[in-house]
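**Q** Below is the sequence, then the predicted model.
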Amino acid sequence: MAKNLLIVESPAKAKTIEKILGKEFQVKSCFGHIRDLEKASMGIDLEKNFEPRYIVSADKEKVVSDLKSLAKKSEEVWLATDEDREGEAISWHLCEVLGLDPGKTKRIVFHEITKPAIQEAVKKPRRVNMNLVMAQQARRILDRIVGFELSPVLWRKMSMRGNLSAGRVQSVAVRLIAEREREINAFTAVSHFKIEALFADKDSDGRLINFAAEGKKQASEQGAEAFLKSCVGATYQVNDIQVKPGKRSPAPPFTTSTLQQEASRKLGYGVSRTMQIAQKLYENGYITYMRTDSVNLSNTALADITATVEKMYGKQYHQFRKYRNKNESAQEAHEAIRPTYMSNASIKEAEWAKLYELIWKRTMASQMADAELEKTTVKILISTNKEELTASGEVLKFEGFLKVYREGRDEEDGEEENEGMLPPLALHQKVTLNTMKAIERFSRPQPRYTEASLVKKLEELGIGRPSTYAPTISTILKRGYVEKRDKEGVKRSYSVLQLKKDKITTLTEEENTGAEKSKLFPSDLGLVVTDFLLQYFNDVMDYGFTAKIENEFDEVATGKMKWNKMIKDFYSPFKKDVDKTIETAERIKGERELGIDPASGKAVVARMGRYGAMIQIGQADEEEKPRFAKIPTGQSIETITYEEAMALFGAQGPMGQYEGKDVSVNVGRFGPYVKWGEEFISLPKGTDLGTIDLQRAVAQIKEKQKADAPVGSFQQKPITKGAGRFGPYIKWDGMFINVPKRYDFANLSAAEMNELIEAKIKKEENRYIQRWPELNIALENGRWGPVIRFGKKQLYLPKKADGARYSPEEGAAFSLDQIKAFIEQQIPGAFSKKTKASKTPAKKGAKKAPVKKAVSKKTTATKSKATPTKKKTGKK
């Protein structure tokens, strides 16, 4: 047994380090965080200075048990978790569960997994940095408080269902995306005309030369045409030549955010994929630690880069550079992301090779000389109007750092060696115009965010840190507040005025505009939640306030602020906002009225439904069932027009017939479905109706027919089986009977089905006190006394004068008119219009249905939520 136990975060890292340290050390992984706040409650004692209550995560109990056993057998335990705040916190939690003293336990950190770095770290152990631990704890507690307090507010105040949640950083990130989307939707493109001239001439050797020049931008087509007319019959002469040296400098080595941005731009990687590959590269010893906001390079690294540059390209290509961190909180002790050995210009693993090459080139370039350019600007005078055209170009005189990119044909910014090069021109030289064009161009809105550009914006605002960017984006995508998708462009016409051989012609051409790839779009849910939070929790959603919180975490990390004071300063005003919102805020419906359906006279509304954004015609409390249509991807509640909404219903007609009944598809309150005659067959959630043809719809119908085939009989009536929103059931004589988990649903016996049906019949007998089926009215036994069932609504009997509730016996004595009066009190006008609950007009002396047991012995009988009466399964 090794004398020393060294604990790291990942198993891949453990294997590599164990090989380096040899037999004296046994290296084991804790697989990341081992403890977290209790999930059953907030996990924070608000009355005891925000004291956290930690528990070992269920999936880490065996890991902790194994580590305890190994720790007891070892002479000394070393902690080598990652060097950021999360890693420091993991080390402290390990001390807590293993019974180690954080003030004495050896803690080592390293920026790279190489033999020299590991051996050096073992020589210089330190203790657990409790300031870093408290900074991580403060972030975790604050985020738990915000999520725990805000999410229930959303559940109460928003009409949409689903996994609604809010978070301190995630909600601000969604706000950025929502605001950008609204900027784009509100943007009106303004056109202008760009003047482009193409000159053709022969040089002294008789070779044809071509070069382009630009004129002053024209605001309108009339102005552009007037300018071209003024050039008719003109001659063109070189009026001025300016030659100036220029240079381009390399970018600093990568931080987490700049690596994410460049991997997105050059490789098309999402933030999570970039970090997953970078983690593998780090764990396998190829690069330094990948979560950093520092651009610093160690002296050892600088010497390695210098030697590699000089060996590969020569001394003239090297230039020592010391980069400064823009972020004051960046720790100089940390390094930028770089290869561990610069001699490894490439690696074998294909999946990681592209990202590694990006890091290697960026690191090399950061210590190389500037690229030297020669920039030439030529002014060409127009004889007829004394206006000037400008031609410019540049020549690369010395490659400098560009050499490292050009060798791999990864031309930075796409520049070729002599791109934009001008031919030799002399002052006062006459040049010949080939064509001059005035091309209509349009202003553009700010582009939508990519994952990487969102990270850049968050970093600019001071929101989040390297370890939080990827999880934040993953969360808002997973919650459905944001969608990552492509957008197809649309055709747009533009005008081109052309001057050639002193004749002006006007052309109309087409271009594709607005196409985007892998961009972040706010969902309708994201927009509605953002608006609600901005209205009631402005501080939490404020960019400056969120950045201030990040700075306070940094102060806790440096020991300048106590973590619980910081939490207290935040919590007091925040809690007041929560309580005030719960008390005073109205429910948010997230809907927009578009107009009136001419066929029915009912309102057409764009709204959030259980399964996303939809169009609804009519209301649920009207006699005729509302009609629904799913708002397709690319449209939203905010932007869809009345005409577009109505067109969605135009596509809902029958697609054909099966067994003599019409077949169509649609989306209802509970999701997409096939309608066959008067039957409704549910489709899987998220099904694109555009993919459902008649053949596939019929296949769903046949599957439903097979599932609905009788599996037995009771009292000579068939029994069928099915699965609904509330679980498995059997259906008999119009009744839906829930099948509890203790039964084997797949193998229900005849005796078990009979038992379930008999129990249901008995329960139904005890359910009703009085019934008027033709009016859809019933008086039923409820949990706390009699209740009125009016259609699908449950209404309560008023209390007696002394405040007591009516008993079932007293309820049995009520007349129909009395019951209707109680209904009118709670639903004014319930019987003055035709509603779903009163399809047959109330008549004097309406017949009351016979009730076997008007009053049950127990008044606590309840209606099972899985047993709706007389309802077709799957009906929308």
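**A** Sure thing, it's come through. Residues are numbered from 1 along each chain as shown.

**Q** Contacts for stretch 26-36, please.
**A** 1-2, 4-11, 13-15, 17-18, 21, 43, 54-57, 60, 63-64, 66-67, 70, 74, 80-81, 86, 89-90, 93-94, 96-97, 140 (C-beta atoms under 8 Å, 6 or more residues apart in numbering). Glycine gets a C-beta too; all of them are placed from N, C-alpha and C.

**Q** and what of stretch 289-300?
**A** The contact list for stretch 289-300 (C-beta under 8 Å, 6+ apart) reads 82-84, 111-112, 116, 252-253, 255-257, 259, 275, 278-279, 281-282, 305, 323-325, 327, 329-332, 334-338, 363, 366-367, 459, 465-467.

**Q** For stretch 19-28, buried residues please.
**A** Of all the residues in stretch 19-28, those buried under the rule 16 or more other C-beta atoms under 10 Å are I20, L21, F25, Q26, V27, K28.

**Q** how about a markdown table for these, with pLDDT added?
**A** Output for those, formatted as a markdown table (pLDDT from 0 to 100):
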| residue | pLDDT |
| --- | --- |
| I20 | 92 |
| L21 | 92 |
| F25 | 93 |
| Q26 | 94 |
| V27 | 94 |
| K28 | 95 |
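
**Q** Just the ones in helices from those residues, please.
**A** Among these, the members falling in helices (DSSP state H) are I20, L21.

**Q** Could you write me a ChimeraX select line covering just the buried ones among the contacts of stretch 289-300?
**A** Those of the contacts of stretch 289-300 that count as buried under 16+ other C-beta under 10 Å are selected in ChimeraX with:
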select :82,83,84,111,112,252,253,255,256,257,259,275,278,279,281,282,305,323,325,327,329,330,331,334,335,336,337,338,363,366,367,459,465,466,467
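
**Q** Of the contacts of stretch 289-300, which belong to helices?
**A** Going by DSSP H, the helices hold P116, T256, S257, L259, M275, A278, Q279, L281, Y282, I305, T363, E459 from the contacts of stretch 289-300.

**Q** And for the fifth one, nearest residue in space, chain neighbours not counted?
**A** Spelled out, it's M275. Among residues not flanking M275 along the chain, A470 sits closest, at 4.7 Å (C-beta to C-beta, 6 or more residues apart in numbering).

**Q** The fourth one now?
**A** Once flanking residues are discounted, L259 sits nearest to I337: 5.6 Å by C-beta to C-beta, 6+ apart.

**Q** Next up, the contacts around the one you found.
**A** Counting by C-beta under 8 Å, 6+ apart, I337 touches P253, F254, T255, T256, L259, A278, I287, T288, Y289, M290, T292, I359.

**Q** Redo those residues as TSV? Include pLDDT and distance to L37.
**A** Listed next are the contacts of I337 as TSV, based on pLDDT from 0 to 100; distance: C-beta to C-beta, whole Å:
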residue	pLDDT	distance to L37
P253	97	36
F254	96	33
T255	94	30
T256	93	26
L259	96	31
A278	95	28
I287	94	33
T288	92	31
Y289	90	26
M290	91	27
T292	89	27
I359	97	36
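
**Q** which helices and strands sit right next to the host helix or strand of D817?
**A** For D817, the host element (DSSP states H and E) is helix 816-826. Judged by 3 or more C-beta pairs under 8 Å, 6 or more residues apart in numbering; DSSP states H and E, helix 816-826 is in contact with strand 768-772, strand 777-782, strand 785-790, strand 793-796.

**Q** Below-threshold pLDDT in the stretch 351-500 of the chain: ranges please.
**A** 408-420 (pLDDT under 70).

**Q** now the strands for it?
**A** With DSSP state E, counting those that start in this stretch as the criterion, the stretch 351-500 of the chain has strands at 371-382, 388-398, 430-431, 433-442, 482-487, 490-500.

**Q** strands paired with the fifth one, and their directions?
**A** In this case it means strand 482-487. Using DSSP bridges, strand 482-487 pairs in its sheet with strand 516-522 (antiparallel).

**Q** Mind checking what helix or strand follows the partner strand in sequence?
**A** Note on strand 516-522: by DSSP H and E, the next helix or strand toward the C-terminus is helix 524-536.

**Q** Now do that next one against strand 516-522, angle only.
**A** 40 degrees (axes from the mean of the first three to the mean of the last three C-alpha atoms, to 10 degrees).

**Q** Make JSON lines from the helices and strands packed on helix 816-826 and add mean pLDDT and mean neighbour count to it.
**A** Listed next are these as JSON lines, based on pLDDT from 0 to 100; neighbours: other C-beta atoms under 10 Å:
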{"stretch": "strand 768-772", "mean pLDDT": "87", "mean neighbour count": "21"}
{"stretch": "strand 777-782", "mean pLDDT": "88", "mean neighbour count": "22"}
{"stretch": "strand 785-790", "mean pLDDT": "88", "mean neighbour count": "21"}
{"stretch": "strand 793-796", "mean pLDDT": "84", "mean neighbour count": "14"}
